[in-house]
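Asker: got a predicted model here, sequence first, then my questions.
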Amino acid sequence: MTQLFKVMTLMLVLPVLVLCQSRSEQPRRHKSAPVVKILRPVLQKIRKQANAPILLPSKLPSSVNENEIHFVGGEGKSDGWEISLYYKEGCGDACFVGYFEAKRDGKVSRDEVDRVVRLVNGISGYYTARSCGASCAPPQINWMDKGVMYTIQFKVNNRTKKHDEAEVIALANSAIQGGAR
């Protein structure tokens with residue numbers, strides 16, 4: 001009788017223990033932070049068309065004055081979405097502020113990467129520092145998440161490349177932590 005009691009108790013308790021264990025191993029979801037104010041109107045537009053999760057930061061780099069940005073455009077695409085920010089509309093690279101993109105099945109070209117950096121949640125980021133030739137290219141970071149390549153390119157206007165890197169990494173981490181919207 002005691003052997004039967006032990007088996008029956010184990011049969012009742014074991015499923016509960018397994019359920020408790022599986023729930024504790026599930027990733028914890030955190031409440032997403034609000035998207036930076038200047039991106040909200042274009043977010044509403046692309047949300048309907050975007051074919052990849054939308055990850056956007058809750059704040060812009062401290063070196064960027066949000067009040068000076070006068071044009072934000074974006075679109076959803078069959079393989080993702082993109083958003084561009086400019087100080088003025090129609091003046092191209094001279095007025096460029098930043099760019100956010102998600103592309104399904106995108107690939108990071110590691111030949112063009114300066115450093116592999118660690119982002120939140122253990123994600124590897126591929127950082128490329130600003131460079132100047134005929135024109136200057138702002139710093140950029142790419143990372144892969146669930147088959148989607150995310151890109152942020154942002155003119156952070158710092159005095160050193162190290163500060164540029166820190167701000168672009170913080171921007172990527174803010175987007176990742178914000179979660180899909």
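Answerer: The structure has been received and is ready for your questions.

Asker: with just CA atoms, put the strand or helix carrying L85 into CSV.
Answerer: Assessed by DSSP states H and E, L85 sits inside strand 80-86. These are the backbone C-alpha positions of strand 80-86, laid out as CSV (Å, rounded to 0.1, in the frame of the first residue of the first chain):
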residue,chain,number,x,y,z
GLY,A,80,10.6,44.7,-43.6
TRP,A,81,10.4,48.4,-43.0
GLU,A,82,12.6,51.6,-42.9
ILE,A,83,12.5,55.0,-41.3
SER,A,84,14.7,58.0,-42.2
LEU,A,85,15.1,61.3,-40.2
TYR,A,86,16.4,64.6,-41.7
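
Asker: report all helices and strands that that strand contacts.
Answerer: With contacts taken as 3 or more C-beta pairs under 8 Å, 6 or more residues apart in numbering; DSSP states H and E, strand 80-86 sits against helix 40-47, strand 71-77, strand 96-104. (C-beta placed from N, C-alpha, C; glycine too.)

Asker: so how far is that strand off the chain centroid?
Answerer: 13 Å (C-alpha atoms, centre = their mean, to the nearest Å).

Asker: partners of it in the sheet?
Answerer: If you go by DSSP bridges, strand 80-86 pairs up with strand 71-77 (antiparallel), strand 96-104 (antiparallel).

Asker: any chance of CSV for these, columns mean pLDDT, mean neighbour count and distance to S63?
Answerer: Below are the strands paired with strand 80-86 laid out as CSV (pLDDT from 0 to 100; neighbours: other C-beta atoms under 10 Å; distance: least, C-beta to C-beta, whole Å):
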stretch, mean pLDDT, mean neighbour count, distance to S63
strand 71-77, 95, 17, 18
strand 96-104, 95, 21, 11
